[in-house]
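>>> what follows is a protein structure lacking sequence information:
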Ligand code: ADP
Ligand code: MG
């Protein structure tokens, strides 16, 4: 079983729906330890992505769709998250290359490139209470799952489960990057909004992959 550009579009559409539905919750997390705009930032960015995606030809390869997400987020999402996630999608697109079908190893490459892009851009380490704390466990779980022979949908499910745990793991941490780092101990007890939204993004990938598998 492989995933194709229909899945990529479904993933991005689902992401747009989920971040829109969760925008108040994400902004509330950001109100606790930041400036309260994270949900609105992402909802605005993905609304623009959705609109621009309609201009792509039906047969656009996965990398072209992912690159459109990158450039749209970079140009429409202010704040830290826009350039960080933009770089993630840009690096993911580069990792996809010309591929039309994604197997388990391509899914691992996509997730790894996205995480590496975020780290390249933001220089956060694991445990700094950022979105990296969702992406890195996701990459590790995906790598292990693909190594054990899992299909792409199962690889993404293990990544999503790990990302959700990773997002929750930010709650007791002191932040060492971004606005939350100005708060010192006062950030303790609050979940990082970017880790939460990254968990939603990876879960949308897993949910849509599960549906693609059912249909094929
Ligand atoms: P801003 O902080 O500019 O208002 P957002 O609210 O949209 O931007 O995004 C905040 C999120 O960005 C944080 O929750 C955190 O996950 C992420 N973030 C901030 N700085 C970094 C960084 N250097 N590396 C990785 N992620 C970061
Ligand atoms: Mg903010």
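On my side now, so go ahead. Bear in mind the structure is a predicted one, so any value in this text is a computation, not a measurement. Ligands and ions are numbered 1, 2, ... in the order given.

>>> let me see the ranges of the helices in this protein.
5-21, 23-33, 38-53, 62-76, 81-96, 104-122, 132-147, 152-168, 193-215 (DSSP state H).

>>> burial measure for the closest residue in space to residue 60 that isn't next to it in sequence, as a count.
Distance criterion C-beta to C-beta, 6 or more residues apart in numbering; nearest residue to residue 60, sequence neighbours excluded, is residue 5 at 6.3 Å. Every C-beta, even on glycine, is put in place using the N, C-alpha and C of the backbone. When neighbours are defined as other C-beta atoms under 10 Å, residue 5 has 22 of them.

>>> on that earlier part again, would you turn the helices of the chain into a markdown table with distance to ligand 1?
Formatted as a markdown table, the helices of the chain follow (distance: least, C-beta to the nearest ligand atom, whole Å):
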| stretch | distance to ligand 1 |
| --- | --- |
| helix 5-21 | 11 |
| helix 23-33 | 5 |
| helix 38-53 | 4 |
| helix 62-76 | 10 |
| helix 81-96 | 3 |
| helix 104-122 | 2 |
| helix 132-147 | 5 |
| helix 152-168 | 9 |
| helix 193-215 | 2 |
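
>>> residue 185: which of these is closest?
Nearest to residue 185, of all the helices of the chain, is helix 23-33, at 11.4 Å by C-beta to C-beta.

>>> wait, residue 207 sits on residue 15?
No - the pair residue 207 / residue 15 is not scored as a contact, 10.0 Å apart, by C-beta atoms under 8 Å.
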